[in-house]
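Asker: here are the coordinates; sequence isn't available:
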């Protein structure tokens, strides 16, 4: 046990430049997910009651006992054909018309973000993102120390006009390597980009030859049919060549198993797959085969499971909106998401989200301070992200009351 | 289906420098593993007959039905404590005395190589490797386009004296960022480094302040007790701070599920874990819990399963050595591994390994040409790597005869 007590000497000599000094972009506080008596509004966790345990156990059993000798050896980097076919088929329901040759199976969407960075980014390149944006994405690109061109988000999603002005002002030499966005039920704001802005983004992309990365972990969880028919950017004319779409089983099945997919033209898939061969060689083939069995299981309806998820999250969103209205009334403003897992609350001016997050934790509710979702640390100071996805309506009501006590403690 | 027919325009504008031109280091020809009537001497596959399917199915069933709601959410980046404890305990049997705080669970050993590169390498840095070495490792570092200082391997492993001379000649300013080696049942040569050379390597590391990466996927599969007691470099005095050890469940359980581990001082584990949070956030927690159940299963003896593996691979090595002796006699030379999955054969001078690999494929046996295992493409030209791990003794005899016909076709 010499390790625990002796310091590592001359450590820095072994490290890449900037590894020690770079900002740590990842949030790894497990308490943010809710542990013990803490009510968890912190994470992007799906409802743990909804995991289809019986069906998943049956699916693994089949994958192991019927197909084990075929799927337990090293497997193909692109993923199992049967799963890529299922992914393509399901995407067709949302207007993304692709074949299995357009699909790369990933070990989580985050891996997709990492691989996109790996094939596109040189040190110090610029990425355009929404502000606020998914802070976990920033960890995927930390190694290349990119600059962030941040575009504000309003109730209609990314303000594309600001992107347009920035692109004109910067010129082709300072064009971002790609635009990263979560247009549907955005993380962390919960808002969705209008169809008009989606189209406008693609026009801009054509004009400036931009690569677009559409991250869509929550897109299947809409709360009414209007949003259910909102087309992903990837499905619109002009997206075929320049949009890399990321989807995941983390929210529809479970996040712990790490299974997602990238959708892109075959040439891009080949580049991403080649990069993936140097990252984890391939994703778990047993898991892939289990998911194939799960989705084809005659005794289990995966699509009905997703529909049930929509109802669960809608009821939880309603509970949170009602509680906020009852408890905060006009003291604060919040978004009204039409799908997904999150909403964003702006506290009264001058009340620090960082301070409230700490005070709320002391009151027994975990939330994430808004400031961490701004890549350039220049906003969100009185905001919070609240996740309603993995708390019951009763806990949500209690949690909002605890949050209010936390705000009161800070506002004094 | 516009993707399949329209070319991607102005593609290069989106890519990082060198992504298109860099050598593709990965071997992804599935035929090398043996498919259909092809006998597979190409891959590093464990014996597919040995997968413990019943026990694995039971383990997954328990992990899902008993622990599913706990292990299916997002999990800890370092890995489940119970699995890290098991890893530490098993390593103790081989003289590596560490605790769970020294263990990071990985999505395959390759991920460990990638993460080590991510925290240590700047563009163009130098890595010292054996020559020949595991070609898959090179894909993990492709992004940083490192230079390779290659050290020859003889029947006693890496020739440490050559490393010593190179270090002296290069001086501190051109010191390699780390030394990568597979000291035990090396891939691709099958040889093992002597204890004396392991000690000498650590002395050199102390003198030159070197970081060492010990990759040990095959170390549990020894064929006699002399090699069973060969200490990993990580277990020797002086290794504590400067050796990152990589072990895997790919060979003892199955490779398709992607589960491995890095062992290092806690400070290094923290840096690797932070890099991992930007790569796949964490490894599959359901798989981790299933392996915990598997190893603790009262109805299944994991250690006996590993011992059975030793007997299987020893019988297959014997079959290959006997067949080579019978068929090739004095025409060629080959190594006599004391464990692991591979041996290396040197064909008669002037006979190209590349040509023989192609001719052998036509004869119905897949082998890998030796040249791909040399990072600087400067050796192995009349060599082949032969894997005996996933072919029965009967297939091994038939495969060696086919290989001989392939050699005859090339040698004329």
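Answerer: That came through, no problem. Since this is a predicted model, take the numbers as computed values, not measurements.
Asker: Can you list the buried residues in stretch A:112-128?
Answerer: A:112-121, A:125-128 (16 or more other C-beta atoms under 10 Å in any protein chain shown). Heads up, the C-betas are built off the backbone N, CA and C, glycines and all.
Asker: And the helices in the stretch 1-150 of chain A?
Answerer: Listed in chain order, the helices of the stretch 1-150 of chain A (DSSP state H, counting those that start in this stretch) span residues A:2-5, A:53-71, A:81-92, A:109-120, A:135-140.
Asker: ok and the residue in the stretch 301-412 of chain A nearest chain B?
Answerer: Residue of the stretch 301-412 of chain A nearest chain B, by C-beta to the nearest C-beta: residue A:390 (7.7 Å).
Asker: mind checking the SS state of that residue?
Answerer: Recorded secondary structure, residue A:390: coil (DSSP: H, G, I helix; E, B strand; the rest coil).
Asker: what helices or strands is the longest helix seen in chain A leaning on?
Answerer: Criterion DSSP state H: the longest helix present in chain A is helix A:302-327. Counting contacts by 3 or more C-beta pairs under 8 Å, 6 or more residues apart in numbering or on different chains; DSSP states H and E, helix A:302-327 is packed against strand A:342-346, helix A:393-411.
Asker: In it, which residues are buried?
Answerer: Quick answer for helix A:302-327 (16+ other C-beta under 10 Å): A:302, A:305-306, A:309-310, A:312-314, A:316-317, A:319-321, A:323-324, A:327.
Asker: Stretch A:99-116 too?
Answerer: A:100-116.
Asker: still on that earlier bit, which of the buried residues of helix A:302-327 lies closest to residue A:294?
Answerer: For the buried residues of helix A:302-327, the minimum distance to residue A:294 (C-beta to C-beta) is 6.4 Å, reached by residue A:302.
Asker: Hmm, that closest one is touching residue A:292, no?
Answerer: No - using C-beta atoms under 8 Å, residue A:302 is not in contact with residue A:292; the gap is 10.8 Å.
Asker: Quick check, pLDDT for residue A:12.
Answerer: pLDDT recorded at residue A:12 is 64.
Asker: again, but for the one 5 residues further on
Answerer: The predicted local confidence for residue A:17 comes out at a pLDDT of 76.
Asker: can you check residue A:84 too?
Answerer: 98.
Asker: wait, what's in contact with it?
Answerer: By C-beta atoms under 8 Å, 6 or more residues apart in numbering or on different chains, residue A:84 lies in contact with A:78, A:100, A:103, A:105, A:261.
Asker: now do 7 Å
Answerer: The contact partners of residue A:84, taken as C-beta atoms under 7 Å, 6 or more residues apart in numbering or on different chains, are A:78, A:100, A:103, A:105.
Asker: Quick one: neighbours of residue A:203, just the number.
Answerer: Other residues lying near residue A:203 total 12 when counted by other C-beta atoms under 10 Å in any protein chain shown.
Asker: In three-state terms, how would the nearest residue to it once chain neighbours are set aside be classified?
Answerer: Nearest residue to residue A:203 in three dimensions, chain neighbours excluded: residue A:238, at 7.4 Å (C-beta to C-beta, 6 or more residues apart in numbering or on different chains). Recorded secondary structure, residue A:238: coil (three-state DSSP).
Asker: Brilliant, that's me finished.
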